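J.: Task: produce atomic coordinates for the following.
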Amino acid sequence: MKMKVIAFCGSPRKKGNSETLLNETIKGIEKTGSRVEVFYLNTMNIQPCQGCGGCYQTGECVFHDDMDRVSGAIRSSDRIVLASPIFFYSVSAQTKIMIDRCQSFWSEKYLLKKPVEGGKYGRKGLMLLTGGMKNNTGIKCAEACATAFFRTISVPEHVTLSYLEIDSKGDILKHPTALKDAYEAGVTLVS
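T.: Take a look at the predicted model:
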């Protein structure tokens, strides 16, 4: 039996740097025989968390949209990949909306004491970040958000690949190791 792997593409730009990096990671994962279900967050109908507390008693969000599919996939996955550009020192809005809607997982884990089970293979994650800035402040901030996301959905460990000064579409292709790094990270994730 192969691992169930899901990936979130958080970029609003089709075939941009984050998606290119994600595609290389997927190639590495698929080389091992596992398949990846990809969620293109920019094309999905996911409304922002309303902070209403509706999930506090049940661990389930009271709103129903494409996040229902995402939540189901998160629950049943062994490996989770999150790819996002860095906008204003954080993950993209598309990525953040999905993460914020995981408040129901937070309620389930911390209030109801029912974390998502680890399954046969345990749970691991991979974060892929690209950003145009020269300093790593955006990486640190986005990584903090990703860590909160992964731990909330009971992914106890994850690896982050991050690349700076990657701004214009296609810049990731000019990086000397990024595509190779992403491919190898994909293989390692499911090994």
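J.: Give the helix, strand or coil label for the residue of the chain positioned farthest from its centre.
T.: Relative to the mean C-alpha coordinate of the chain, counting by C-alpha atoms, centre = their mean, the farthest residue is Gln57 (26.1 Å). Secondary structure state of Gln57, per DSSP: H, G, I helix; E, B strand; the rest coil, is coil.
J.: Ok, His158 next?
T.: Assigned with three-state DSSP, His158 falls in the strand class.
J.: isn't it right up against Leu128?
T.: No. Applying C-beta atoms under 8 Å, one finds His158 not in contact with Leu128, separated by 10.7 Å. Every residue, glycine included, has its C-beta placed from N, CA and C.
J.: out of the two, which sits in the busier spot?
T.: Looking at His158 and Leu128 with other C-beta atoms under 10 Å, you find the greater number of neighbours at Leu128, namely 33 against 21.
J.: Which helix or which strand is home to the closest residue to Ser11 other than its chain neighbours?
T.: Nearest residue to Ser11 in three dimensions, chain neighbours excluded: Ser18, at 4.1 Å (C-beta to C-beta, 6 or more residues apart in numbering). Taking DSSP states H and E as the definition, Ser18 sits inside helix 17-31.
J.: What are the contacting residues of that helix?
T.: Outside helix 17-31, the residues within contact range by C-beta atoms under 8 Å, 6 or more residues apart in numbering are 5, 7, 9-11, 13, 36, 38, 79, 81, 83-85, 126, 128-130, 161, 163, 166, 169-173, 178-179, 182-190.
J.: Direction included, what does the top strand by length along the chain pair up with?
T.: Ranked by residue count and defined by DSSP state E, the top strand of the chain is strand 79-87. Looking at strand 79-87 with DSSP bridges, its partner strands are strand 5-9 (parallel), strand 90-91 (antiparallel), strand 124-130 (parallel).
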